[in-house]
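Q: below is the sequence, then the predicted model.
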Amino acid sequence: MKTPHLLASLALSLSLSVASASAFADIKIGVAMSQFDDTWLTYLREFMDKRAKSIATEKVSLQFVDGRADVNKQFDQVQELISNKVDAIIVNPVDTAATANITKAAEKEGIPLVYVNRKPDGDKPLPKGVATVVSDEIEAGHLQGQFVADKLNGKGNVVILLGDLANNATTNRTKGVKEIFAKYPDIKVIQEQTGIWLRDKGMTLTNDWLTQGKEFNAVVSNNDEMAIGAAMALKQAGVKEGSVFVTGVDGTPDGLNAIEKKQMAASVFQDAKGQAEGAVDVAVKMAKKEDYPAATVIPYRLITPENVATFK
(Lines give C-alpha, C1' and ligand atoms only; values in the text may rest on other atoms or scores of the structure.)
Protein backbone atom coordinates (compact mmCIF):
# COMPACT_ATOMS: atom_id res chain seq x y z
CA MET A 1 0.00 0.00 0.00
CA LYS A 2 1.37 3.43 -1.00
CA THR A 3 1.86 5.82 1.90
CA PRO A 4 0.46 9.39 1.75
CA HIS A 5 4.05 10.65 1.56
CA LEU A 6 4.78 8.43 -1.45
CA LEU A 7 1.55 9.42 -3.16
CA ALA A 8 2.39 13.08 -2.68
CA SER A 9 5.84 12.51 -4.13
CA LEU A 10 4.38 10.75 -7.15
CA ALA A 11 1.87 13.55 -7.68
CA LEU A 12 4.62 16.16 -7.45
CA SER A 13 6.80 14.20 -9.88
CA LEU A 14 3.92 13.88 -12.33
CA SER A 15 3.08 17.59 -12.13
CA LEU A 16 6.72 18.51 -12.72
CA SER A 17 6.87 16.16 -15.72
CA VAL A 18 3.75 17.73 -17.21
CA ALA A 19 5.08 21.23 -16.60
CA SER A 20 8.43 20.29 -18.11
CA ALA A 21 6.79 18.77 -21.18
CA SER A 22 4.69 21.90 -21.57
CA ALA A 23 7.63 24.25 -21.07
CA PHE A 24 9.76 22.35 -23.55
CA ALA A 25 7.09 21.68 -26.14
CA ASP A 26 8.50 20.60 -29.47
CA ILE A 27 7.83 23.37 -31.98
CA LYS A 28 8.52 22.28 -35.54
CA ILE A 29 9.25 25.06 -38.01
CA GLY A 30 9.75 24.49 -41.72
CA VAL A 31 12.18 26.89 -43.41
CA ALA A 32 11.92 27.20 -47.20
CA MET A 33 15.04 28.95 -48.49
CA SER A 34 15.21 30.35 -52.01
CA GLN A 35 18.58 28.64 -52.41
CA PHE A 36 21.39 27.25 -50.29
CA ASP A 37 24.09 28.25 -52.79
CA ASP A 38 24.29 31.92 -51.77
CA THR A 39 26.88 33.37 -49.40
CA TRP A 40 24.68 35.79 -47.47
CA LEU A 41 21.72 33.40 -47.29
CA THR A 42 24.06 30.77 -45.84
CA TYR A 43 24.74 33.13 -42.93
CA LEU A 44 21.00 33.75 -42.57
CA ARG A 45 20.35 30.01 -42.41
CA GLU A 46 23.14 29.39 -39.90
CA PHE A 47 21.92 32.18 -37.61
CA MET A 48 18.36 30.81 -37.72
CA ASP A 49 19.65 27.40 -36.68
CA LYS A 50 21.69 28.90 -33.82
CA ARG A 51 18.72 30.93 -32.62
CA ALA A 52 16.42 27.90 -32.56
CA LYS A 53 18.95 25.91 -30.53
CA SER A 54 19.45 28.77 -28.06
CA ILE A 55 15.80 29.10 -27.04
CA ALA A 56 15.55 27.78 -23.48
CA THR A 57 11.77 27.75 -22.98
CA GLU A 58 10.89 25.51 -25.94
CA LYS A 59 12.49 22.76 -27.95
CA VAL A 60 12.47 24.34 -31.40
CA SER A 61 13.46 22.26 -34.40
CA LEU A 62 13.98 23.67 -37.89
CA GLN A 63 13.62 21.75 -41.14
CA PHE A 64 15.43 23.51 -43.99
CA VAL A 65 14.61 22.92 -47.66
CA ASP A 66 16.45 24.29 -50.70
CA GLY A 67 14.31 25.88 -53.42
CA ARG A 68 17.30 25.99 -55.80
CA ALA A 69 16.05 29.30 -57.19
CA ASP A 70 13.00 27.51 -58.66
CA VAL A 71 9.57 29.04 -57.92
CA ASN A 72 7.64 25.82 -58.57
CA LYS A 73 10.04 23.72 -56.53
CA GLN A 74 9.73 26.09 -53.58
CA PHE A 75 5.93 26.01 -53.70
CA ASP A 76 5.98 22.18 -53.75
CA GLN A 77 8.32 22.23 -50.75
CA VAL A 78 5.99 24.55 -48.83
CA GLN A 79 3.08 22.24 -49.56
CA GLU A 80 5.11 19.30 -48.29
CA LEU A 81 5.96 21.17 -45.09
CA ILE A 82 2.25 21.85 -44.63
CA SER A 83 1.44 18.17 -45.10
CA ASN A 84 4.10 17.33 -42.50
CA LYS A 85 2.07 19.38 -39.99
CA VAL A 86 4.77 21.87 -39.05
CA ASP A 87 3.75 24.47 -36.46
CA ALA A 88 4.97 27.42 -38.55
CA ILE A 89 6.74 28.13 -41.83
CA ILE A 90 9.51 30.63 -42.58
CA VAL A 91 9.96 31.45 -46.27
CA ASN A 92 12.79 33.24 -48.02
CA PRO A 93 11.01 33.54 -51.39
CA VAL A 94 12.59 32.69 -54.72
CA ASP A 95 10.45 35.27 -56.51
CA THR A 96 8.90 38.09 -54.48
CA ALA A 97 6.22 38.51 -57.15
CA ALA A 98 5.14 34.87 -56.87
CA THR A 99 4.29 34.48 -53.19
CA ALA A 100 0.48 34.59 -53.42
CA ASN A 101 0.12 30.81 -53.72
CA ILE A 102 2.42 30.23 -50.75
CA THR A 103 0.40 32.66 -48.64
CA LYS A 104 -2.90 31.07 -49.68
CA ALA A 105 -1.68 27.53 -48.99
CA ALA A 106 -0.49 28.38 -45.46
CA GLU A 107 -3.57 30.49 -44.74
CA LYS A 108 -5.91 27.68 -45.86
CA GLU A 109 -4.37 25.26 -43.36
CA GLY A 110 -4.07 27.85 -40.58
CA ILE A 111 -0.28 27.55 -40.40
CA PRO A 112 1.60 30.70 -39.37
CA LEU A 113 3.85 32.07 -42.09
CA VAL A 114 6.87 34.38 -41.82
CA TYR A 115 8.58 35.89 -44.86
CA VAL A 116 12.21 36.63 -44.08
CA ASN A 117 14.71 38.87 -45.92
CA ARG A 118 12.46 39.29 -48.96
CA LYS A 119 9.05 40.88 -48.61
CA PRO A 120 6.28 39.89 -51.03
CA ASP A 121 5.66 42.45 -53.77
CA GLY A 122 2.79 44.91 -53.57
CA ASP A 123 1.43 47.40 -51.06
CA LYS A 124 -1.60 45.30 -50.08
CA PRO A 125 -1.47 44.26 -46.39
CA LEU A 126 -0.71 40.60 -45.80
CA PRO A 127 -3.47 38.54 -44.16
CA LYS A 128 -3.59 37.75 -40.46
CA GLY A 129 -1.24 34.92 -39.62
CA VAL A 130 1.43 36.17 -42.05
CA ALA A 131 4.38 38.27 -40.88
CA THR A 132 7.53 39.76 -42.39
CA VAL A 133 11.06 40.21 -41.04
CA VAL A 134 13.05 42.23 -43.55
CA SER A 135 15.28 45.25 -44.05
CA ASP A 136 14.35 48.35 -46.07
CA GLU A 137 16.12 47.80 -49.39
CA ILE A 138 15.53 51.38 -50.52
CA GLU A 139 17.39 52.54 -47.40
CA ALA A 140 20.36 50.40 -48.45
CA GLY A 141 20.33 52.09 -51.85
CA HIS A 142 20.15 55.53 -50.25
CA LEU A 143 23.18 54.82 -48.05
CA GLN A 144 25.16 53.38 -50.94
CA GLY A 145 24.18 56.11 -53.39
CA GLN A 146 24.97 58.97 -51.03
CA PHE A 147 28.39 57.51 -50.22
CA VAL A 148 29.24 57.30 -53.93
CA ALA A 149 27.87 60.78 -54.66
CA ASP A 150 30.01 62.22 -51.89
CA LYS A 151 33.12 60.38 -53.06
CA LEU A 152 32.60 61.64 -56.63
CA ASN A 153 31.88 65.18 -55.44
CA GLY A 154 28.63 64.98 -57.38
CA LYS A 155 30.18 64.26 -60.77
CA GLY A 156 31.17 61.08 -62.65
CA ASN A 157 30.16 57.95 -64.55
CA VAL A 158 28.75 54.96 -62.68
CA VAL A 159 28.02 51.34 -63.60
CA ILE A 160 25.52 49.23 -61.64
CA LEU A 161 25.75 45.49 -61.03
CA LEU A 162 22.19 44.26 -60.53
CA GLY A 163 21.17 41.23 -58.51
CA ASP A 164 18.53 38.68 -59.52
CA LEU A 165 15.85 40.55 -61.48
CA ALA A 166 13.12 38.39 -59.88
CA ASN A 167 14.06 39.73 -56.45
CA ASN A 168 12.62 43.01 -55.23
CA ALA A 169 15.84 43.61 -53.29
CA THR A 170 17.44 44.23 -56.68
CA THR A 171 14.67 46.61 -57.71
CA ASN A 172 14.55 48.55 -54.47
CA ARG A 173 18.29 48.81 -53.80
CA THR A 174 18.74 50.16 -57.31
CA LYS A 175 15.76 52.48 -56.90
CA GLY A 176 17.29 53.89 -53.71
CA VAL A 177 20.62 54.52 -55.43
CA LYS A 178 18.96 56.28 -58.36
CA GLU A 179 16.84 58.44 -56.05
CA ILE A 180 20.07 59.80 -54.61
CA PHE A 181 21.75 60.20 -58.01
CA ALA A 182 18.73 62.17 -59.25
CA LYS A 183 19.90 64.98 -56.97
CA TYR A 184 23.21 65.09 -58.84
CA PRO A 185 22.69 65.80 -62.58
CA ASP A 186 26.41 65.33 -63.28
CA ILE A 187 26.38 61.70 -62.12
CA LYS A 188 25.55 59.44 -65.06
CA VAL A 189 24.68 55.74 -64.93
CA ILE A 190 26.27 54.50 -68.16
CA GLN A 191 25.73 50.74 -67.77
CA GLU A 192 23.62 48.39 -65.64
CA GLN A 193 23.34 44.62 -66.03
CA THR A 194 22.46 41.68 -63.84
CA GLY A 195 25.21 39.57 -62.32
CA ILE A 196 22.56 37.51 -60.43
CA TRP A 197 24.41 38.07 -57.13
CA LEU A 198 27.48 36.06 -58.25
CA ARG A 199 31.14 37.04 -57.89
CA ASP A 200 32.23 35.55 -61.20
CA LYS A 201 29.39 37.33 -63.02
CA GLY A 202 30.37 40.65 -61.45
CA MET A 203 33.92 40.06 -62.59
CA THR A 204 32.88 39.12 -66.13
CA LEU A 205 30.58 42.12 -66.58
CA THR A 206 33.15 44.58 -65.27
CA ASN A 207 35.83 43.07 -67.47
CA ASP A 208 33.50 43.35 -70.48
CA TRP A 209 32.88 47.04 -69.80
CA LEU A 210 36.60 47.69 -69.47
CA THR A 211 37.30 45.78 -72.69
CA GLN A 212 34.64 47.86 -74.47
CA GLY A 213 36.48 51.01 -73.41
CA LYS A 214 33.81 52.19 -70.97
CA GLU A 215 35.15 54.81 -68.59
CA PHE A 216 33.58 54.87 -65.13
CA ASN A 217 34.44 56.25 -61.73
CA ALA A 218 32.38 53.97 -59.51
CA VAL A 219 30.83 50.52 -59.42
CA VAL A 220 27.57 50.26 -57.49
CA SER A 221 26.81 46.61 -56.79
CA ASN A 222 23.59 45.25 -55.30
CA ASN A 223 25.68 42.88 -53.15
CA ASP A 224 29.23 42.28 -51.94
CA GLU A 225 29.87 39.19 -54.04
CA MET A 226 29.47 41.02 -57.35
CA ALA A 227 31.40 43.98 -55.95
CA ILE A 228 34.34 41.73 -55.09
CA GLY A 229 34.20 40.33 -58.62
CA ALA A 230 34.28 43.88 -60.00
CA ALA A 231 37.30 44.73 -57.81
CA MET A 232 39.09 41.63 -59.10
CA ALA A 233 38.43 42.66 -62.71
CA LEU A 234 39.73 46.19 -62.09
CA LYS A 235 42.91 44.87 -60.48
CA GLN A 236 43.44 42.35 -63.28
CA ALA A 237 43.06 45.15 -65.85
CA GLY A 238 45.70 47.22 -64.08
CA VAL A 239 43.34 50.01 -63.02
CA LYS A 240 44.99 52.17 -60.36
CA GLU A 241 43.83 51.19 -56.89
CA GLY A 242 41.32 53.66 -55.47
CA SER A 243 40.64 55.41 -58.77
CA VAL A 244 37.31 53.57 -59.13
CA PHE A 245 35.06 53.40 -56.05
CA VAL A 246 33.57 49.91 -55.67
CA THR A 247 30.65 49.52 -53.27
CA GLY A 248 28.44 46.60 -52.28
CA VAL A 249 25.66 45.60 -49.93
CA ASP A 250 25.55 42.93 -47.18
CA GLY A 251 28.73 43.37 -45.15
CA THR A 252 29.76 39.73 -45.52
CA PRO A 253 33.11 38.65 -44.03
CA ASP A 254 34.61 38.66 -47.53
CA GLY A 255 33.19 42.12 -48.13
CA LEU A 256 34.65 43.41 -44.87
CA ASN A 257 38.05 41.98 -45.77
CA ALA A 258 37.85 43.64 -49.20
CA ILE A 259 37.20 47.01 -47.52
CA GLU A 260 40.14 46.50 -45.18
CA LYS A 261 42.37 45.68 -48.17
CA LYS A 262 41.07 48.79 -50.00
CA GLN A 263 39.61 46.66 -52.80
CA MET A 264 36.15 47.98 -51.95
CA ALA A 265 35.39 51.52 -50.81
CA ALA A 266 32.27 50.67 -48.79
CA SER A 267 29.40 48.27 -48.19
CA VAL A 268 26.01 48.50 -46.52
CA PHE A 269 25.58 46.08 -43.63
CA GLN A 270 22.57 43.81 -43.88
CA ASP A 271 22.08 42.17 -40.50
CA ALA A 272 21.74 38.44 -41.17
CA LYS A 273 21.75 37.69 -37.43
CA GLY A 274 19.03 40.27 -36.75
CA GLN A 275 16.80 38.99 -39.55
CA ALA A 276 17.38 35.34 -38.62
CA GLU A 277 16.66 35.77 -34.92
CA GLY A 278 13.68 37.99 -35.67
CA ALA A 279 12.16 35.42 -38.02
CA VAL A 280 12.58 32.50 -35.61
CA ASP A 281 11.28 34.51 -32.65
CA VAL A 282 8.19 35.67 -34.57
CA ALA A 283 7.52 32.13 -35.86
CA VAL A 284 7.70 30.73 -32.31
CA LYS A 285 5.33 33.40 -31.00
CA MET A 286 2.88 32.66 -33.79
CA ALA A 287 3.11 28.89 -33.21
CA LYS A 288 2.31 29.47 -29.52
CA LYS A 289 -0.59 31.76 -30.50
CA GLU A 290 1.00 34.71 -28.73
CA ASP A 291 0.95 38.33 -29.87
CA TYR A 292 3.53 38.97 -32.56
CA PRO A 293 4.74 41.94 -34.66
CA ALA A 294 3.27 41.73 -38.16
CA ALA A 295 6.19 43.63 -39.68
CA THR A 296 9.73 43.78 -38.33
CA VAL A 297 12.31 46.00 -40.06
CA ILE A 298 16.00 45.45 -39.30
CA PRO A 299 18.00 48.63 -40.12
CA TYR A 300 20.93 48.87 -42.54
CA ARG A 301 24.25 50.54 -41.64
CA LEU A 302 27.00 51.98 -43.83
CA ILE A 303 30.42 50.31 -43.61
CA THR A 304 33.50 52.32 -44.52
CA PRO A 305 37.24 51.87 -43.90
CA GLU A 306 36.84 54.08 -40.83
CA ASN A 307 34.35 51.79 -39.05
CA VAL A 308 34.86 48.39 -40.70
CA ALA A 309 36.57 46.95 -37.59
CA THR A 310 33.36 47.36 -35.57
CA PHE A 311 31.55 44.92 -37.90
CA LYS A 312 34.04 42.07 -37.50
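A: Perfect, I can see it now.

Q: what's residue 176 in contact with, if anything?
A: The contact partners of residue 176, taken as C-beta atoms under 8 Å, 6 or more residues apart in numbering, are 137-145. In this view, the C-beta of every residue, glycine as well, is placed from N, C-alpha and C.

Q: keep only those of those that are in helices.
A: Using DSSP state H, the subset of the contacts of residue 176 located in helices is 137-145.

Q: format the contacts of residue 176 as a markdown table; extra columns: neighbour count and distance to residue 185.
A: Output for the contacts of residue 176, formatted as a markdown table (neighbours: other C-beta atoms under 10 Å; distance: C-beta to C-beta, whole Å):
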| residue | neighbour count | distance to residue 185 |
| --- | --- | --- |
| 137 | 26 | 25 |
| 138 | 17 | 21 |
| 139 | 17 | 23 |
| 140 | 27 | 23 |
| 141 | 27 | 18 |
| 142 | 20 | 18 |
| 143 | 24 | 21 |
| 144 | 26 | 19 |
| 145 | 26 | 14 |
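
Q: could you dump these to JSON lines with distance to residue 231 and pLDDT?
A: Shown next, in JSON lines, are the contacts of residue 176 (distance: C-beta to C-beta, whole Å; pLDDT from 0 to 100):
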{"residue": "137", "distance to residue 231": "23", "pLDDT": "96"}
{"residue": "138", "distance to residue 231": "25", "pLDDT": "97"}
{"residue": "139", "distance to residue 231": "24", "pLDDT": "98"}
{"residue": "140", "distance to residue 231": "19", "pLDDT": "98"}
{"residue": "141", "distance to residue 231": "20", "pLDDT": "98"}
{"residue": "142", "distance to residue 231": "23", "pLDDT": "98"}
{"residue": "143", "distance to residue 231": "19", "pLDDT": "98"}
{"residue": "144", "distance to residue 231": "15", "pLDDT": "98"}
{"residue": "145", "distance to residue 231": "19", "pLDDT": "98"}
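
Q: next secondary structure element downstream of the helix or strand that contains residue 219?
A: If you go by DSSP states H and E, residue 219 is part of strand 218-221. Sequence-wise, the next helix or strand downstream of strand 218-221 (DSSP H and E) is helix 224-236.

Q: which elements pack onto that next one?
A: Here helix 224-236 touches helix 39-54, strand 155-162, helix 199-211, strand 218-221, strand 245-247, helix 253-260, going by 3 or more C-beta pairs under 8 Å, 6 or more residues apart in numbering; DSSP states H and E.

Q: packing partners of the fifth one?
A: In this case it means strand 245-247. Judged by 3+ C-beta pairs under 8 Å, 6+ apart, strand 245-247 is in contact with helix 137-151, strand 218-221, helix 224-236.

Q: and the contacts of it?
A: By C-beta under 8 Å, 6+ apart, the surrounding residues in contact with strand 245-247 are 144, 147-148, 151-152, 217-221, 227, 230-231, 234, 263-268.

Q: equivalent analysis for the first one, please.
A: The set of residues that contact helix 39-54 without belonging to it, under C-beta under 8 Å, 6+ apart, is 29, 31, 33-36, 60-62, 64, 90, 92, 116-117, 223-225, 250, 252, 254, 270, 272-273, 275-277, 279-281.

Q: give me the mean pLDDT for it.
A: Averaged over helix 39-54, pLDDT sits at 96.

Q: what is the orientation angle of the helix or strand just after it with helix 39-54?
A: Downstream of helix 39-54, the first helix or strand assigned by DSSP H and E is strand 59-66. For strand 59-66 against helix 39-54, the angle by axes from the mean of the first three to the mean of the last three C-alpha atoms, to 10 degrees is 160 degrees.

Q: so how far is strand 59-66 off the chain centroid?
A: Per C-alpha atoms, centre = their mean, to the nearest Å, the displacement of strand 59-66 from the mean C-alpha position of its chain is 17 Å.

Q: can you name every helix or strand that that strand contacts?
A: Counting contacts by 3+ C-beta pairs under 8 Å, 6+ apart, strand 59-66 is packed against strand 26-33, helix 39-54, helix 71-83, helix 272-287.

Q: take the ones you listed and lay them out in a markdown table including distance to residue 238 and mean neighbour count.
A: Below are these laid out as a markdown table (distance: least, C-beta to C-beta, whole Å; neighbours: other C-beta atoms under 10 Å):
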| stretch | distance to residue 238 | mean neighbour count |
| --- | --- | --- |
| strand 26-33 | 39 | 22 |
| helix 39-54 | 27 | 18 |
| helix 71-83 | 42 | 18 |
| helix 272-287 | 35 | 23 |
